[in-house]
Structure formats: C-alpha cells, structure tokens
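A.B. asks: My questions are about this predicted structure, shown below with the sequence.
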Amino acid sequence: MKCRKCGQKASVNMRQHKLALCKEHYLEWVPEQTERFIKKYEMFRRDEKILVAVSGGKDSLALWDILNHLGYQVDGLYLGLGIDGGINYSHESQRLTEKFANERDLRLHIVDIEKEYGEPIPVLSEISHRGHGKPCAVCGLAKRHEMNRIARDLGYDVLATGHNLDDEAAVLFGNTLSWSSEYLLRQGPVLPASDGLARKVKPLCRFYEREMTAYSLARGIEYIYEECPFAEGSQSIYYKELLNQLETTRPGAKLTFYLRFLEARNRGDLFIENNLERAHLHSCPRCGQPTSTDDLCSFCRMIEKVNSMPAS
Amino acid sequence: MVKLVLRNKEYEVKPGMTLLSALQKISIVPESVIATRDGEMILDDEILKDGDVIKLIAVISGG
C-alpha cells in the first residue's frame, strides 16, 4: 500500500477514510485534522489558556503533543490516583508524564489525591462504599472534580481531554443500549462552561484509537502501555471490542455511528416522539383495514397487481 | 516460522501469508492492534517472511 501523498510505502491505513499515508505525511495529517476539528466545533481560540488532563496514556500525551505543536497555550494536569495493582501503576504513569513534560519544557500541574484528601482512590472507594468493589466510580468522580477545580482556580479557559472516537462510540453505544436520554443529549465534542464548570472539549473525538496509537508510536511518545489494573472486565472495553469487530467488516461504522448521532442530536431529531404528527389513516376501499395511503392499502395493491398480471 | 507477540502471549504462523491473514488465523481483531516489525509499523497487506518477529500493540485503553 502506498502513501496517497507521496507514493512511498504507507505506514498507516485508515480504511474509514480510504486513506493510507507514510509516517511523515501521517504526522502532518493528524495535527491538520485536529486543527480542523478545533475550528469546526469551536473548541477554543488561540488566545485562550488550555489545560490538558494527562494520564500518561497515549491519547492524552498525544493530545498535549499535538496542541503544543500547533502553537496553543497548553499546560498539563496530572492526577495521582494512588493505584498500585502490583505494577506500580500510578507511579509509572506519573514518571512518564513528567518525562514527557520535561523533554518538551511544558508546564505540568500535579495533584496527588492522597496528599490532598488523605487517602488514595482505592481506599476512598472502600470507605465510601461506592462502585461495587471497584474504585472506578470514585475515580471518575474525583477526576472530574479535580480537573474542574484546578482549571477554575488557576484561571484556565478550557479543559481538554484525550477522549478519542472509540471512547465516544463506546459511551454512545452504552447509552443507546439503555436509552439514557439525559446522557445522550449531553454527549459531544464540547461541553460549554456553566455555573462554576469549565468548558470541556475533546479535540481527538474524531480520531480512532488505532490512529492515536499510530501517532504516538510515530512520534516516539513513551506512554504507559499497561492498563489500569482495575480496568479488566470493564464495560467500556467490552463495547470497544464489539465495535472493533463491527468495524473490521464494516469500515467506517464507528465514525458514522458517532457523526450521525451528533447530526441527529443537533437537528433536534432525538427523542421527539411527542412532536411527531400522527399519520392520518383511513379505511382501505377494498378490505376496510386502516391504511395511510390515499387509495388501496399496500396488501390490496399487491394482490391487485398480481391479479392483473397475464396468466402464465 | 513467523512469531507474533501480543503483550506476553506468543503466536506462530507459517511465512508467506499477509499480516491480515495471520491475524485472522490467530483470532485477533485487526482493528484492535497495530503491528510493528523492527520498530516500524506494517500494514495488513504486508507479506510475513520466515524469521519475522511481529510485535502487536494493543490499541484499546480505558475502563
């Protein structure tokens, strides 16, 4: 497979775009597309201060790298969750985040949950009895709280997270399975600021997770490869695997699922049953059953068509 | 033989097939991994040669 731009051997193939690029042109393409999405969804301006929530994972570090490369004023925020899991998880993810920031001379704020609130996330989860034995609910709650607190207290205009298309599609899938209308109506690339809540944006929301992995590899970004030890068996990972199976046979399915949802949501097409005009029904002149057509019902129309065909 | 490595699991396939065929043979969803050979990313149509060691990088994260 050849690079669409230069004809050299391609390193990344994006079937959903029918586009293959070599490493060099891929590393140009990703920031160009990110800038395009920032403008399209009016995420932030050049004069605004951006805080990127970084975990040490490939997406958040890639996002920070891209925004810095594009010339935005962007600092990082790392939350030390105190998760060990036998692999020194939090310690290693912090080390990689600090290394990333130091190598690029970027400002990194670090909040250690245990230092700040007395206990690490797993212990807070146990004490509070939230989350059915896993600290994920408490972790999410703490992250959202602290990200907003730091963004607000330090005067950042916008908080950016590294959520990618697979993240968004998995959440959308889960919320659709349960028809969680409140969550569905809130999901999108931008959550506007309101009443003490900072504006939140997802500049990578249209990139596949695979594309962000490729970007991080191509850029030589060292990220934490191991998953959070509590992630095993998680619903979101299961949904991602299901959607990837779909994508394998239907390239572009994930992207279409997400983009069409955004379009329908913005048109106001979701959950409008109350506003639908009921179809006007009348009796079929032949059989008397209700039909929405002006004349014969569909069944009678079919029978009439069969009866009118020459005998074989 | 060709060796494919995903996290700490190793798989072997015969040389001469494409990466895509190899992934299908070992039941790995192509969308869920990026394949590298000698540190360089390779695509589904790459023919795997005898002695190749292909590192598969899992792309799914989160929880």
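C.D. replies: In hand now; what should we look at?
A.B. asks: all contacts plus neighbour counts: C-alpha atoms, from now on.
C.D. replies: Fine.
A.B. asks: Which stretches in chain A count as helices?
C.D. replies: Using DSSP state H, the helices found in chain A span residues A:23-40, A:58-69, A:89-104, A:113-117, A:121-128, A:136-153, A:165-177, A:181-186, A:209-219, A:235-249, A:253-267, A:298-307.
A.B. asks: show me the residues around residue 35 that make contact.
C.D. replies: I'll assume chain A. A:Leu70 (CA atoms under 8 Å, 6 or more residues apart in numbering or on different chains).
A.B. asks: Can you look at chain B instead?
C.D. replies: Here B:Ala35 is in contact with B:41-43, B:54-57 (criterion: CA under 8 Å, 6+ apart).
A.B. asks: Where does the stretch 151-300 of chain A get nearest to chain B, residue-wise?
C.D. replies: Nearest residue of the stretch 151-300 of chain A to chain B (CA to the nearest CA) works out as A:Ala231 at 4.5 Å.
A.B. asks: restrict the contacts of B:Ala35 to contacts with chain A.
C.D. replies: Restricting the contacts of B:Ala35 to those touching chain A (CA under 8 Å from any CA of the partner chain) yields B:41-43.
A.B. asks: Dump those residues into a markdown table; add neighbour count, distance to A:Tyr26 and pLDDT as well.
C.D. replies: Listed next are those as a markdown table, based on neighbours: other CA atoms under 10 Å in any protein chain shown; distance: CA to CA, whole Å; pLDDT from 0 to 100:
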| residue | neighbour count | distance to A:Tyr26 | pLDDT |
| --- | --- | --- | --- |
| B:Met41 | 20 | 12 | 96 |
| B:Ile42 | 22 | 14 | 97 |
| B:Leu43 | 20 | 14 | 97 |
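A.B. asks: Around chain B, pick out the residues from the stretch 101-250 of chain A.
C.D. replies: A:136, A:167, A:209-210, A:213-214, A:227-228, A:230-232, A:234-237, A:240-241, A:244-245, A:247-248.
A.B. asks: if you set the cut-off to 6 Å instead, what comes out?
C.D. replies: A:210, A:231, A:234, A:236-237, A:244 (CA under 6 Å from any CA of the partner chain).
A.B. asks: So B:Ala35, which state does it fall into?
C.D. replies: With DSSP: H, G, I helix; E, B strand; the rest coil as the basis, B:Ala35 sits in strand.
A.B. asks: And the pLDDT at the residue of the stretch 151-300 of chain A closest to chain B?
C.D. replies: pLDDT, A:Ala231: 78.
A.B. asks: now, which of the contacts of B:Ala35 lie within strands?
C.D. replies: Among those, the ones falling in strands (DSSP state E) are B:41-42, B:54-57.
A.B. asks: biggest separation within these, which pair?
C.D. replies: Distance extremes for those: the farthest pair is B:Ile42 and B:Ile57 at 11.6 Å, using CA to CA.
A.B. asks: Skipping its backbone neighbours, what lies nearest A:Asn175 in space?
C.D. replies: Using CA to CA, 6 or more residues apart in numbering or on different chains and skipping the chain neighbours, the partner closest in space to A:Asn175 is A:Leu184 (6.4 Å).
A.B. asks: Equivalent analysis for A:Glu227, please.
C.D. replies: Nearest non-adjacent residue to A:Glu227, counting by CA to CA, 6+ apart: B:Ser61, 6.5 Å away.
A.B. asks: now the closest residue to A:Arg107 other than its chain neighbours, which residues is it bridged with?
C.D. replies: Of all residues not flanking A:Arg107 in the chain, A:Asp75 sits nearest, at 5.2 Å (CA to CA, 6+ apart). Bridge pairing for A:Asp75 (DSSP bridges) gives the partners A:Leu51.
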